[in-house]
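In: this is a predicted model, with the sequence first.
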There are 2 protein chains.
Amino acid sequence: MLYAEFMSSSLPLQIGTTADEPCLRADAARNRARLLEAAARLVAERGAAAVTMEAVAAEACVGKGTVFRRFGDRVGLLTALLDHTASRLQADLISGPPPLGPGAPPVERLRAFGLEVLRRSSEQLELFLAAQDEPARRVGHPSQRVLTLHATILLREIDPGADHELQAHALLGYLDPAVIHFLTKERGMPLERLEEGWLDLVERISTPVA
Amino acid sequence: MLYAEFMSSSLPLQIGTTADEPCLRADAARNRARLLEAAARLVAERGAAAVTMEAVAAEACVGKGTVFRRFGDRVGLLTALLDHTASRLQADLISGPPPLGPGAPPVERLRAFGLEVLRRSSEQLELFLAAQDEPARRVGHPSQRVLTLHATILLREIDPGADHELQAHALLGYLDPAVIHFLTKERGMPLERLEEGWLDLVERISTPVA
């Protein structure tokens, strides 16, 4: 029932199609995906600040006008890039290979889920921080809700008697980009320590209380 | 050693005295405290939106000019109000009666700590949300660091072998005002459910993994 809600929701699960572009032609969709991949490479290699309309055009070997026509401005491009990233993660969670996707025990999937979010977030940290909404909306953002729902479903499978939704929020709080930023940049912790901390947290939260 | 750092830190632990006012006279300090208490009553009774310079002056039975002279503007007043709240919580954690203050087993203090933060946050939710900094600074804010440090110290007492700092961040994530707002306002959960969730989380996190 939760999965049905998940699958039939209007959350951004399709790449390259938005409500504004119901009939995006196949070559236009390919073009869009190519531009977003170029932007993602720039972020990974040189940080979010390096993502300008000009740089993306050069990286994708297209004219600057193409990038402006497709995304409007830089904010439009950054937003599309995060939706793209969120869609790929959602697709991997729903139908990717195990343990991220279906086919592994729920506790293994939960472990893999957090490690994947930690890895992706730390790669695109600036981008995630730039895109965090005002506090009251941050937690309720659609892509955040999908992640919470995913964790809720796995926690329910692990221990049917627990309060899965609250446990999911506790787990997602650990994966907050602002927390990852503080711990890695200001406290200087290596990502490996955060990964071990995640596995430990999953272990403790998923162990039924005597 | 951590406690020494805590106690000797320059964090706002004294009410009514700031770096700008090293020699605040006793009657001025009393005046300031009275105005802040009036503002706190307004928040509790009518919400953060009701806190205007005029309303605080009326509630405290002083002239409007007094409020402006003391706090500059509404933002200054709201900030002072949150520092006031944070200082009182810090004082209770350091030297208040157990189980919030010293003198109870660490796991009991940790339980009481979260329940108290949940209660205070839910009372002044709008105020907390209005005062949340940009994402990158939110987690590193001085008053947030004190709470994380407090949880870290208790977790170290409970289980010396764990990664206390990461566990503390996981616990504090559960107490994020944005999460409390989402769960109580948008998901309609009663505060009691969040309180039970906190006790369960403390139980799971503080139980040594076999």
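Out: Okay, I see it. Residues are numbered from 1 along each chain as shown, chains lettered A, B, ... in the order given.
In: show me which residues of chain A sit near chain B.
Out: Residues of chain A lying close to chain B (C-beta under 8 Å from any C-beta of the partner chain) are A:129, A:132, A:135-136, A:138-140, A:162-163, A:165-167, A:169-174, A:176-179, A:181-183, A:186-187, A:193-194, A:196-197, A:200-201, A:203-205, A:207, A:209. No exception for glycine: its C-beta is placed from N, CA and C like everyone else's.
In: which ones are touching A:D163?
Out: Each residue near A:D163 by C-beta atoms under 8 Å, 6 or more residues apart in numbering or on different chains is listed here: B:193, B:196-197, B:200.
In: what are the phi and psi values at it?
Out: phi -90, psi 90 (degrees, to the nearest 10).
In: any idea of the mean pLDDT in stretch A:58-66?
Out: Across stretch A:58-66, pLDDT averages out at 93.
In: residue in chain A nearest to chain B?
Out: As assessed by C-beta to the nearest C-beta, chain B sits closest to A:G173 within chain A, at 2.1 Å.
In: coming back round to it: so which of the residues of chain A next to chain B are in helices?
Out: In this view, the residues of chain A next to chain B that belong to helices under DSSP state H are A:129, A:135-136, A:138, A:165-167, A:169-174, A:177-179, A:181, A:193-194, A:196-197, A:200-201, A:203-205.
In: ok, for A:P190, nearest residue in space, not its chain neighbours?
Out: A:T184 (7.6 Å; C-beta to C-beta, 6 or more residues apart in numbering or on different chains).
In: in contact with that neighbour, which residues?
Out: By C-beta under 8 Å, 6+ apart, the contact set of A:T184 is A:122, A:125, A:190-191, A:194.
In: just send these back as TSV, with secondary structure, neighbour count and pLDDT too.
Out: Putting these into TSV (DSSP: H, G, I helix; E, B strand; the rest coil; neighbours: other C-beta atoms under 10 Å in any protein chain shown; pLDDT from 0 to 100) gives the following:
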residue	secondary structure	neighbour count	pLDDT
A:S122	helix	18	84
A:L125	helix	20	81
A:P190	coil	10	96
A:L191	helix	16	95
A:L194	helix	24	97
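In: how about those, which pair is most distant?
Out: A:L125 and A:P190 (14.2 Å; C-beta to C-beta).
In: my read: A:P102 touches A:S95, true?
Out: Yes - contact criterion C-beta atoms under 8 Å: A:P102 and A:S95 qualify, at 7.4 Å.
In: so where is chain A shaky, pLDDT-wise?
Out: A:1-24, A:130-137, A:210 (pLDDT under 70).
In: try 50
Out: Applying pLDDT under 50 to chain A flags residues A:1-22.
In: how about the strands of it, start to end?
Out: For chain A, applying DSSP state E gives no strands.
In: would you map out the domains in it?
Out: Following automatic domain parsing, one finds the domains of chain A at A:1-72, A:96-210.
In: can you say which of the ones you listed is packed in most?
Out: The highest mean neighbour count among these, using mean count of other C-beta atoms under 10 Å in any protein chain shown, belongs to domain A:96-210: a mean of 18.
In: doesn't B:I180 make contact with the residue of chain A closest to chain B?
Out: No - A:G173 is not in contact with B:I180 according to C-beta under 8 Å; the separation is 11.1 Å.
In: A:Q90: neighbouring residues, count only.
Out: 21 (other C-beta atoms under 10 Å in any protein chain shown).
In: same question for the one 3 residues further on.
Out: Burial measure for A:L93: 24 neighbouring residues, criterion other C-beta under 10 Å.
In: gap between the residue nearest to it when sequence neighbours are not counted and A:S121?
Out: Nearest residue to A:L93, sequence neighbours excluded (C-beta to C-beta, 6+ apart): A:H150, at 5.4 Å. Using C-beta to C-beta, to the nearest Å, we find A:H150 at a distance of 15 Å from A:S121.
In: before we move on, what about A:A178?
Out: Where A:S121 is concerned, A:A178 sits at a distance of 10 Å (C-beta to C-beta).
In: cool, and A:I158?
Out: A:I158 is 23 Å from A:S121, by C-beta to C-beta.
In: could you do A:G63 as well?
Out: For A:G63 relative to A:S121 (C-beta to C-beta), the value is 33 Å.
In: could you do A:T66 as well?
Out: Taken as C-beta to C-beta, the span from A:T66 to A:S121 is 30 Å.
In: please apply the same query to A:R156.
Out: Using C-beta to C-beta, A:R156 is found at 24 Å from A:S121.
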